[in-house]
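**Student:** have a look at this prediction, sequence included:
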2 protein chains.
Amino acid sequence: MINIVIIEDNKYMREGWRTILDFEENFQVIAEFESCEDAFKSNTLPKADVVLLDIQLPGMHGTEGVRVIREMNPDVVVLMVTIHDDDERIFKALKNGAIGYLSKKISPGELIEAINIANDGGSPMSPNIARKVINSFHDTSESTIELSDSEIKILKLLAEGCSYKSISKDLFLSVDGVRYHIRNIYKKLEVSNKSEAVAKALRDKLI
Amino acid sequence: MINIVIIEDNKYMREGWRTILDFEENFQVIAEFESCEDAFKSNTLPKADVVLLDIQLPGMHGTEGVRVIREMNPDVVVLMVTIHDDDERIFKALKNGAIGYLSKKISPGELIEAINIANDGGSPMSPNIARKVINSFHDTSESTIELSDSEIKILKLLAEGCSYKSISKDLFLSVDGVRYHIRNIYKKLEVSNKSEAVAKALRDKLI
DNA sequence: CTAAAAACCGCCTATTCAGGTAGTTACATT
DNA sequence: AATGTAACTACCTGAATAGGCGGTTTTTAG
C-alpha cells in the first residue's frame, strides 16, 4: 500500500487527484492539505510514502517545503506538481530534495504511473525537464587554461593550506623553485595571491 | 528527417538497430561504425542529428567519445546505450555531453520513442537512471558550519584575492576588525590560512 | 539588572608572501 | 653550433599575514 499526502491549495485539483488515486487498489490518500504549514502541524508526514506537492502555495513556497518535509521524513518521495517549467524553481526544488517533477496537465494514467515509478526507486519527470537537468550537468568549464603537472600539484597543496616551505619539502624543490611555479600559476590564472588562485582553480575545476 | 549515426562494436546489435530505425519514415541511419576512432575519421558526424553510442567500445571508451563527438558537432544529440547502470560511467558520460541513457534491453518501440524525444529537446532516460541523476543533485552539504554574515562577506572577498586592508575599506571596519573575523573563520573551519579557508568554503558551498 | 557572549579595535612579533632581478642546467629546435 | 625555453635556484625588499594578548562596546540571555 502506498500512502499518499497531497499538498495543493486548489480545492478542485486536490479533490480530482484524490478521486483518481483512491480509485487505485494499492494507493491510499492519507491526508490532504492546503499549505505546507498545515501539513507540518499534522502528524501524517512521517507516515507518507509519497507527497504530491504544489509549487505555488500560500505561505511557504513548495520549493522550500520540500526541504522541511524531507527533514521530517527522509525516506519520503516528494513529487513537485506545477504548471510552470521555470528553470530556477525546478533546480531549487530538486536541490532541496524533490524526486520528480510533474505537470498539472498530466493525465490520470500518467499520474498513477508517475507515483508507481517514484515508489519503485525511479524519478518521474517530463523529457523536457530531464533535458534541463542533464544540460546543467554538462561540463562547460572549457577554461582553456593549461597548467603543468607541477603547477596542479602545487595548487592542490596551496588549497590544503601548505606554506611554500612545506610544499618545497613535499615536492623536493627549493622554496624558490616553488615560487617559480607559483609565479607562473599567477600569470596563467591572472591572479596575484594564493587565495585568489585557489578560488579560481576550484571554480574552474582545475584541481 | 532525423539523421542517425550508430557506433557499436557488436555487429548484430548494430544491424538490428539499423533495421528497426531505417524502417521508420522520418529516420535515416547515415552511417554505422565499430569504434569512435572510425567515426572520427569519416565526415559523417557533422551531418548527424542523433548518435547512438555504445559505452563499452574497443579503443576509445564511449564516455570519452561523447566529448570528441560534441566538439566536432556541438548540436548533435548523443544517446548512450549500455547494459550496465554503473553510476560512475553514467555521470562521466553525462558530464561529457551525453543527452540520454538507454538500456540495450530496450524494445524497438522504446528506441524509436527515445530518439524522437531526444530530437524534440527532451532527455530519454530510464526512471532509475533519472533517480541517480536527481539524487546527485540534492544538496547534501549539511556542513553544520554556521558562518555569520560578516564572515561570509569576508570569505567571499578573500576568494577574490583582497587583502585585509582592502576588505576593511569595503566593510567599513578596521584592519584588526577584519582580522578578528578571520580568526573566527579559521576556528570554525579548522584552518589556519586564507587559501585553505577559501578552499574549504568553496568545497562546502559556504560561499 | 547582571553576566556572558559577540563584535569590534589596537599592538607586537615572527613568519610568509609577492615581485623584481639574475644565474644555471638540460633538453629541444633550427 | 647557436638559440631558445622550460625548470629550476638564489637573493633582496617591502608588504601581508597569523597568532598571541589586552581592551571597549554592544547584544543577548537569564
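**Tutor:** Sure, I can see it.

**Student:** gap between A:Ile152 and B:Asp204?
**Tutor:** From A:Ile152 across to B:Asp204, the span is 22 Å (CB to CB, to the nearest Å). For every residue, glycine as well, the C-beta is placed using N, CA and C.

**Student:** wait, doesn't A:Glu8 sit right on A:Gly16?
**Tutor:** No: contact criterion CB atoms under 8 Å: A:Glu8 and A:Gly16 do not qualify, at 9.6 Å.

**Student:** the more surrounded of these two?
**Tutor:** A:Glu8 (25 against 14; other CB atoms under 10 Å in any protein chain shown).

**Student:** dihedrals phi and psi, the more buried one?
**Tutor:** When read as degrees, to the nearest 10, the backbone of A:Glu8 gives phi -160, psi 130.

**Student:** report pLDDT for it.
**Tutor:** Looking at A:Glu8, its pLDDT reads 97.

**Student:** same thing with the one 5 residues further on?
**Tutor:** pLDDT recorded at A:Met13 is 94.

**Student:** ok, and the closest residue to A:Glu160 other than its chain neighbours, which helix or strand is that part of?
**Tutor:** Spatial nearest neighbour of A:Glu160, excluding adjacent residues (CB to CB, 6 or more residues apart in numbering or on different chains): B:Glu196 at 6.2 Å. Assigned by DSSP states H and E, B:Glu196 falls within helix B:194-203.

**Student:** contacts made by that helix with the rest, please.
**Tutor:** Contact with helix B:194-203 is made by A:158-161, A:193-195, A:197-199, A:202-203, B:155, B:158-159, B:182, B:185-186, B:189, B:191, B:206-207, as judged by CB atoms under 8 Å, 6 or more residues apart in numbering or on different chains.

**Student:** just stretch A:161-181 next, same as before
**Tutor:** Contacts to stretch A:161-181, defined as CB under 8 Å, 6+ apart, come from residues A:148, A:150-151, A:153-154, A:157-158, A:182, B:191-193, B:195-197, B:199.

**Student:** filter the contacts of helix B:194-203 to the buried ones?
**Tutor:** Buried members of the contacts of helix B:194-203, counted by 16 or more other CB atoms under 10 Å in any protein chain shown: A:158-161, A:193-195, A:197-199, A:202, B:155, B:158-159, B:182, B:185-186, B:189, B:191, B:206-207.

**Student:** does stretch A:36-53 come close to chain B?
**Tutor:** No: applying CB under 8 Å from any CB of the partner chain, one finds stretch A:36-53 separated from chain B by no less than 13.6 Å.

**Student:** list the buried ones in the strand or helix carrying A:Val178?
**Tutor:** Assigned by DSSP H and E, A:Val178 belongs to helix A:175-189. Across helix A:175-189, burial judged by 16+ other CB under 10 Å covers A:Gly177, A:Val178, A:His181, A:Ile182, A:Ile185, A:Tyr186, A:Lys188, A:Leu189.

**Student:** ok, now how distant is the closest residue to the fourth one other than its chain neighbours from A:Leu173?
**Tutor:** What it means is A:Ile182. Distances taken as CB to CB, 6+ apart put A:Ile154 closest to A:Ile182, at 6.4 Å, once the chain neighbours are dropped. Distance of A:Ile154 to A:Leu173, given as CB to CB: 9 Å.

**Student:** what about these two, which has more around it?
**Tutor:** Taking other CB under 10 Å, A:Ile154 and A:Leu173 do not tie; A:Ile154 has more neighbours (28 against 17).

**Student:** the helix or strand containing that one and DNA strand C in contact?
**Tutor:** Taking DSSP H and E as the definition, one finds A:Ile154 inside helix A:149-159. No: between helix A:149-159 and DNA strand C, judged by CB under 7 Å from any atom of the strand, nothing touches; the nearest distance is 7.6 Å.
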